[in-house]
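Trainee: Give me coordinates for this.
(chains A and B)
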Number of protein chains: 2
Amino acid sequence: MTKKYVYAFHEGNAAMRDLLGGKGANLAEMTNIGLPVPPGFTITTEACREYLAGGKVFPPGLMDQVEEHLAALEARTGKRFGGEPPLLVSVRSGAPFSMPGMMDTILNLGLSDATVEALAAAADPRFAWDSYRRFIQMFGNVVMGIPHHRFDEIFQAQKEAAGVQEDYQLPPEHLKQVVARYRELVRQETGRDFPQDPREQLTLAIRAVFESWNNPRAVVYRRVNRIPDDLGTAVNVQAMVFGNMGMDSGTGVVFTRNPNTGAKELYGEYLLNAQGEDVVAGIRTPHPIRVLQEELPEAYEQLLRVCELLERHYRDMQDIEFTIEKGKLYMLQCRSGKRTAQAAIKIAVDMVAEGLLSREEALLRVDPAQVEKILYRSVDPKARLDVLATGLPASPGAAVGIAVFDADEAEKLATEGHRVILVRPETTPDDIHGMVVAEAIVTCRGGMTSHAAIVARGMGKPAVVGCEAIRIAPDEQSFTVGDRTVRKGEVISVDGSTGRVIYGEVPLVDPELSPEFRQLLTWADEVRTLGVRANADTPADAAKARELGAEGVGLCRTEHMFGQGGYHPERMPVVMEMVLAETPEERKAALEKLLPMQREDFYGILKAMAGLPVTIRLLDPPLHEFLPSAEALAVEVAVLRATGGDPAALAEKERLLRKVRALSELNPMLGFRGCRLGILYPEIYEMQVRAIFEAAVQLAREGVEVRPEIMLPLIGHVNELRQLRELVDRTARAVFAEAGVEVPYSVGTMIEVPRAALTADEIAREAAFFSFGTNDLTQTTFGFSRDDAEGKFLAQYVQQKVLPENPFVSIDQAGVGKLVEMAVRLGRSVRPGLKLGICGEHGGDPQSIDFFHRVGLDYVSCSPYRVPVARLAAAQAAVRQRSQVREIADR
Amino acid sequence: MTKKYVYAFHEGNAAMRDLLGGKGANLAEMTNIGLPVPPGFTITTEACREYLAGGKVFPPGLMDQVEEHLAALEARTGKRFGGEPPLLVSVRSGAPFSMPGMMDTILNLGLSDATVEALAAAADPRFAWDSYRRFIQMFGNVVMGIPHHRFDEIFQAQKEAAGVQEDYQLPPEHLKQVVARYRELVRQETGRDFPQDPREQLTLAIRAVFESWNNPRAVVYRRVNRIPDDLGTAVNVQAMVFGNMGMDSGTGVVFTRNPNTGAKELYGEYLLNAQGEDVVAGIRTPHPIRVLQEELPEAYEQLLRVCELLERHYRDMQDIEFTIEKGKLYMLQCRSGKRTAQAAIKIAVDMVAEGLLSREEALLRVDPAQVEKILYRSVDPKARLDVLATGLPASPGAAVGIAVFDADEAEKLATEGHRVILVRPETTPDDIHGMVVAEAIVTCRGGMTSHAAIVARGMGKPAVVGCEAIRIAPDEQSFTVGDRTVRKGEVISVDGSTGRVIYGEVPLVDPELSPEFRQLLTWADEVRTLGVRANADTPADAAKARELGAEGVGLCRTEHMFGQGGYHPERMPVVMEMVLAETPEERKAALEKLLPMQREDFYGILKAMAGLPVTIRLLDPPLHEFLPSAEALAVEVAVLRATGGDPAALAEKERLLRKVRALSELNPMLGFRGCRLGILYPEIYEMQVRAIFEAAVQLAREGVEVRPEIMLPLIGHVNELRQLRELVDRTARAVFAEAGVEVPYSVGTMIEVPRAALTADEIAREAAFFSFGTNDLTQTTFGFSRDDAEGKFLAQYVQQKVLPENPFVSIDQAGVGKLVEMAVRLGRSVRPGLKLGICGEHGGDPQSIDFFHRVGLDYVSCSPYRVPVARLAAAQAAVRQRSQVREIADR
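Mentor: Prediction:
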């Protein structure tokens, strides 16, 4: 017995999406709930997979089953395929996941020179010949590969010859001539006649749909949308209904609610006397759906009822295709409608009020990745844009300002009150002061982890990076895109959420936390068990994070306080003094000067997070990062020597170069950094710990509740932690004794090298908490230097599918995740109350958050603007887990 | 009830070493087997530990127990402590591990102004006063801290005044004066009288011995010899016997066999009319032990019998201290004797023949770490040496040659027939041609993993590195050490096994594999289950490895064949062409030229290892390693610009600089290297694989059996391996088809990043073998860049005991080892026949080899000269495991 490859619509249902594709499953579902669906059948995705895998041969028995279902369709409709009255069908692809417009559709199949006459006789000649010319055009394009515009040219010429405006005004004789010319075109292009046998037409169409699964645009779409390549598409064969049978007929698409705002109102458009492709083709302007109420009130009523029924049935907003044939409504497709983040939120919350959804279901209806965008200003979606170029959307949000090409100039103009956009080939720490004052940043080079991208995200400013179409002419203070030039002072707009650089001032929409969004997040907080903290290095960041719902700081980096990345330039001389110290005494003298600065930093952050925990990581980067580069110095020295420069200056540079060389490293990522600094130069950590506790006791005296958590970076062996924990405790006792005040605190560690995870049981004996540094853990577990990998091979790895995705974006659960799981298990085995969190960038990635929830972490920590995302994602993880638990319990 | 802190000798035995120390346990053992041991008792190490931990207070009850045992000693000897006839005792330290000369000893304790007279009356005055002055001198030094030479000066002055040569010639009256002056010295130096109460003397002496556990030289010794710091020392209190009672008395030390050669003959020396310290003090020259046969034949006979008995009892060569008092032999100490590697081997093998040991026991008696040294030439131990300086023993072996300070000069002089020693501040790849021709290498800077050290070990040449006492004056072509200068052309000798740089030509001893050593290795091969292969990159290395017993090549690196490290300079232009290629076509053109060179390389190695497996690793290092440094180029460019140099040269340099910059990486260790090269530039690996198989089929045609194993480096994800395995298989099929010949081969992977170990089950589905690259695995698991860590913090980590030892020397079993175990378990779970080996430097480390045996690897691979070491260590691991299994079975 052969497999069942073909299902009549009434044999399927909505749950059979994998086998019947989304469209087929929904046509079946609508059929079964009694909606007016033209009859038809679906060829399974399995048939497609076998066809593609088996050297493009139909699986045995497939066409026999198609014949049987065609016979049933003939019986059902009282028409005959290739006979009289002629049965015409549509042939449409339908994959398990929606891939709109990616694959192919053929309407009016079954027409031929013979059947068109029969159709003309049964209906009317204009309609019959119009359908035939449409069929030849679509089939000729989709199946026979003739470019669309070749047909269009013939059709347009005919319209001009006939002197008509609208397609439907062309009289039958002209349509006949169009058909004749189309058939001539097919002969010229393919060397054969247009197939006249409907069964041959159908066979070729099915084959074309199968093969469209692997057309280039479908392949790209799947990669972008993370859809597996091995699913295949179903083929839906459906009796035609005709929207082109006169002015009491028509076709349209409609959403059951407004997909932009979420408002509960029909939203869509339609055309009378037209077939489906006319609506999208844009030749005639469709009418808004509300006009239908006047033009065909009865059909509109039918449509309203059907939409209401579908929403109740699917409990979601639907995107519908319909056709009206002589006043009667037919449903051709329904699917969950795509929507903006705002609409998704409003619909989900409204549907809870309407009793359609539970709160848990509502939480699952909003994509957390989309949510981040609505926390930023955005370009008004209604605005017409003059897009100059598109780069990588490195940091979300939108801004308007004048183009400036230099950080000093940016600072100057900003001081004068201008809003500026900093446009640079790429940014370096030297540009920080310009970035600080800029509304947005644009670079021509660099990826999502370039300096510009990271700094802009950290500052919460829009940025477009790697915008390679832009060429900057620094001397002219301008940039060109193609043949257009934009000079300094001209206004541009930047949309960091989409990567667009736009000419002129565009209207922006301010972000707002809508009441529905606040409602949703409240529900999320009720449901989730995973805590959400923020990574924040400044009081301002901490305050922002708190406003967005952070329950503490999960990572406060102290390197910016040391001037890294161009922050606090006034501290750099002192920091350099500290780094270049030859003896512990010299180092201590420099640290003495840094102490009050650090204390002030911690005072601000601890105050902003009063009552909440603040995890402060002691100094982590290698010291040479605070020095000029060896190469730059070597060049200066060589030039001074070659040109006989000032001997004193030369000697000084040489001295500095020697020191920089002594500190420089081949692989700084794996070098003298993190807790290794604290072990060899305990005075550095002592100063930092002292600054923290001095700030803490000062706040305690002022009545502010402080909860500092001291975190030691890069621990690989329990002995490192033991030694440094003792240093922290000793320093804390000293400060408390001096102040006569004590504050509660705890000491814990990053888990960011594999050895820490592997020996987490030993380490947990000395740690009150673990915070997984999954950025570094990913680097060491894979042996990937992120800085190098992302530029050199990671993109190609993802493209070639060597890796399923970039492991720095979403955590590698099989490898890095295994270490996390191991550390959780080992750590809790010796210290059941061990607090577990994660402060890598994965802390803001919904997929990773789901993983962290499942392995039992206590909290995630992410950048402030991702806090709402994380709250929602954490709630979803909890809901999913509960429903799995319920499922298992129900078995 | 208080603890038992004191044991009479007859209460102990040899197994109580931890509690009684080595000396105490052996004194007890000798007492129990009836040897003539002066009676005494031992204060336990536990008492010492409690004393040191408890603020230097004797544990409660200790001195009461000492009193009881003193009373028993008095009863036993018929003498009285502080009375008449006076009981004198020795007080000697004795730790659980032998720490010769590290801690303190006091003889003749119990003497005072009162008892010395009694002793003089009972024995004779000279002896009595001699004993008293010895006592004051030792006690004054050890307990009261007065420098030794202060006493010596008084004694020497007295000898001059008396006009005598030998100590024992000094008459009693003079000795009395010496005592008086000694006591005056004590008063001056300490402000108090020399203690006259024997019980006070004893209390102070015990305290001094306890505290000697932490004297600086003992602390250093323990660190060097990896002895834990928390063991403590025992104190042995023993009735004195006197070798200084006349010419029928004496004292000496003797080994039961020759500790240099292992020959079965007494070996040692003695002095008549002397006490123990005279033998070591070097004031009188002791006689060889055979002379005793003539001087005191009866005592000699006693000694022979005792030695025989001790060897039979302990089944090992013993190191003995004895005293002869008036013709009667007393044993003061016995312990396992230290010996050279040659002696260890001969003694072990001889003792099997003598029926004293089983073969398994004999295998355990030789320290594999020592064995390596005897495979190299060495400095004749009998030669007198003019040692200029001592550096790090970076590569074993010894050599003689003229000092040369420049690689070009070295090459030139070597071509002229000179033997040269290359002396450099440090070496770089630019020095390779000089290193190739040098007999040995000396550097002033750098550690055990500096370029010089690694290259020299790889070449099997002696090297001393980091010899900081040497200062090179490059312009004068000379070096100075202190006030001595050695000029180019002067002869020096280098002992890479000890780190000595010696002036002049010293006699060298050629290595020989003694018959006993061959015998031992044969036994090792019978016992071991772990295979031993070698890391070899050239046919010469492969041949050497095979000669030393390697069962294949476990790692053949291909980067040297690409010119890395200064090898094959003639290939560098082609390699650079390949690296700088802009398109796959350009790259392929360069690879075409490399193909015949690679084929020749593989032909030689596969031929040298005919019949044995050869694991060839495809190209691993990042491509920029084959290019000049960006810094050097940047300097050249800047100087050319500043000085208005040739524009064409400038443009060329700029172009090269751009390319070098594009390829350069922040963390090359974690960058674009290993299989990542093969994925992005498959043409490189294709060329290498083709070269291997073309060489293999050529050899197969010549009737040579070849067993190539293709190894892919740096695999982190199974997809990488799958893709590259397909490349290898495809290329192999192509070569076999062209040649009409097939050869067997397999494809496997390095496990050298944590993710590979964590997902070893997935990876094993695509791999016929795993080879653990524990160097890189240690780097990534710890997050240590070896290049940076060893120079910057690792030494201090070991010194501060943050890490128990350098994890690059001996594998970190708790962390890195856990990954290895996991990979073994996961890998074999899906592929039971998976072949498992290790090719990191740990493959030659005995402690690591034991671990690899226990986790069930199939083989280790190490450098050729370590192959015998590994064979022995592998056998020991097998023996230890069996005896553990037997122990468990016996329970």
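Trainee: Show me where the stretch 501-650 of chain A dips below the pLDDT cut-off.
Mentor: Residue ranges of the stretch 501-650 of chain A with pLDDT under 70: A:565-566.
Trainee: rerun at 50
Mentor: Nowhere does the stretch 501-650 of chain A drop to pLDDT under 50.
Trainee: And the strands in it, which stretches?
Mentor: Per DSSP state E, counting those that start in this stretch, the stretch 501-650 of chain A carries strands over the ranges A:508-509, A:531-535, A:553-557, A:613-617.
Trainee: possible to save those as CSV with mean neighbour count?
Mentor: Bear in mind the C-beta positions are built from the backbone N, C-alpha and C, glycine included. As requested, the strands of the stretch 501-650 of chain A are exported to CSV (neighbours: other Cβ atoms under 10 Å in any protein chain shown):
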stretch, mean neighbour count
strand A:508-509, 17
strand A:531-535, 28
strand A:553-557, 27
strand A:613-617, 25
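Trainee: who wins for proximity to chain B among these?
Mentor: strand A:613-617 (15.5 Å; Cβ to the nearest Cβ).
Trainee: Relative to the closest one, what are the paired strands and their orientations?
Mentor: Sheet pairing for strand A:613-617, assigned by DSSP bridges, gives strand A:553-557 (parallel), strand A:707-712 (parallel).
Trainee: tilt between that strand and strand A:531-535?
Mentor: Angle, strand A:613-617 to strand A:531-535, by axes from the mean of the first three to the mean of the last three Cα atoms, to 10 degrees: 40 degrees.
Trainee: Determine how far strand A:613-617 lies from the middle of the whole chain.
Mentor: 30 Å (Cα atoms, centre = their mean, to the nearest Å).
Trainee: which residues touch that strand?
Mentor: The contact list for strand A:613-617, computed with Cβ atoms under 8 Å, 6 or more residues apart in numbering or on different chains, reads A:533, A:542, A:552-558, A:602, A:605-606, A:692, A:706-713, A:748, A:750, A:769, A:771, A:837, A:839, A:861.
Trainee: possible to save the strands of the stretch 501-650 of chain A as a markdown table with distance to A:Val464?
Mentor: Below are those laid out as a markdown table (distance: least, Cβ to Cβ, whole Å):
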| stretch | distance to A:Val464 |
| --- | --- |
| strand A:508-509 | 15 |
| strand A:531-535 | 23 |
| strand A:553-557 | 25 |
| strand A:613-617 | 31 |
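Trainee: Of the ones you listed, which is nearest A:Ile227?
Mentor: Closest approach to A:Ile227 among the strands of the stretch 501-650 of chain A (Cβ to Cβ): strand A:531-535, 29.6 Å.
Trainee: that's a helix at A:Glu411, yeah?
Mentor: Yes - per DSSP: H, G, I helix; E, B strand; the rest coil, A:Glu411 lies within a helix segment.
Trainee: Which residues are in contact with it?
Mentor: A:His433, A:Gly434, A:Val437.
Trainee: same thing with A:Leu836?
Mentor: A:Phe769, A:Phe770, A:Ser771, A:Phe772, A:Val824, A:Gly827, A:Arg828, A:Gly856, A:Leu857, A:Asp858, A:Tyr859.
Trainee: Isn't A:Val869 up against A:Glu372?
Mentor: Yes - taking contacts as Cβ atoms under 8 Å, A:Val869 lies within contact range of A:Glu372: 4.9 Å.
Trainee: more neighbours, these two?
Mentor: Residue environment comparison for A:Val869 versus A:Glu372 gives the larger neighbour count to A:Val869, 26 against 21, counting by other Cβ atoms under 10 Å in any protein chain shown.
Trainee: shared neighbours of A:Val869 and A:Glu372, which are they?
Mentor: Contact with both A:Val869 and A:Glu372 is made by residues A:Gly844, according to Cβ under 8 Å, 6+ apart.
Trainee: how about the residues of the stretch 551-700 of chain A near chain B?
Mentor: Within the stretch 551-700 of chain A, the residues that sit near chain B (Cβ under 8 Å from any Cβ of the partner chain) are A:630-631, A:634-635, A:638-639, A:642-643, A:665-672, A:676, A:679-680.
Trainee: Neighbours of A:Lys488, how many?
Mentor: The tally of other residues near A:Lys488 (other Cβ under 10 Å) stands at 17.
Trainee: which residues in the stretch 301-450 of chain A form helices?
Mentor: A:341-353, A:359-364, A:368-371, A:407-415, A:432-437 (DSSP state H, counting those that start in this stretch).
Trainee: can you put these in CSV and add mean pLDDT and distance to A:Met247?
Mentor: Listed next are the helices of the stretch 301-450 of chain A as CSV, based on pLDDT from 0 to 100; distance: least, Cβ to Cβ, whole Å:
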stretch, mean pLDDT, distance to A:Met247
helix A:341-353, 95, 33
helix A:359-364, 96, 43
helix A:368-371, 84, 41
helix A:407-415, 88, 61
helix A:432-437, 84, 60
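Trainee: Output these in CSV, with distance to B:Phe405 appended to each entry.
Mentor: Shown next, in CSV, are the helices of the stretch 301-450 of chain A (distance: least, Cβ to Cβ, whole Å):
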stretch, distance to B:Phe405
helix A:341-353, 72
helix A:359-364, 75
helix A:368-371, 64
helix A:407-415, 50
helix A:432-437, 48
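Trainee: highest average neighbour count across those?
Mentor: helix A:341-353 (a mean of 23; mean count of other Cβ atoms under 10 Å in any protein chain shown).
Trainee: who's in contact with it?
Mentor: By Cβ under 8 Å, 6+ apart, the list of residues contacting helix A:341-353 reads A:257-264, A:315-317, A:339, A:357-359, A:362-363, A:365-367, A:370-371, A:373-374, A:514, A:516-517, A:519-520.
Trainee: And those residues, which of them are buried?
Mentor: Taking 16 or more other Cβ atoms under 10 Å in any protein chain shown as the criterion, what is buried in these is A:257-259, A:261-262, A:316-317, A:339, A:357, A:359, A:362-363, A:365-366, A:370-371, A:373-374, A:514, A:516-517, A:519-520.
Trainee: Run through those residues and flag the ones next to chain B.
Mentor: Filtering those for proximity to chain B by Cβ under 8 Å from any Cβ leaves nothing.
Trainee: Out of the helices of the stretch 301-450 of chain A, the one nearest B:Asn141 is which?
Mentor: helix A:432-437 (66.5 Å).
Trainee: Output the closest one as PDB - backbone C-alpha positions only.
Mentor: Taking Å, rounded to 0.1, in the frame of the first residue of the first chain, the C-alpha atoms of helix A:432-437 are listed here in PDB:
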ATOM      1  CA  ILE A 432      34.100  59.000  22.800                       C
ATOM      2  CA  HIS A 433      33.500  62.700  23.500                       C
ATOM      3  CA  GLY A 434      31.900  63.100  20.200                       C
ATOM      4  CA  MET A 435      29.700  60.000  20.700                       C
ATOM      5  CA  VAL A 436      28.600  61.300  24.100                       C
ATOM      6  CA  VAL A 437      27.200  64.400  22.600                       C
END
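Trainee: can you list contacts of it?
Mentor: So helix A:432-437 is contacted by A:404, A:406-411, A:414-415, A:420, A:422, A:427, A:441, A:452, A:455-456, A:459, A:461, A:565-567, A:569 (Cβ under 8 Å, 6+ apart).
Trainee: Great, nothing more from me.
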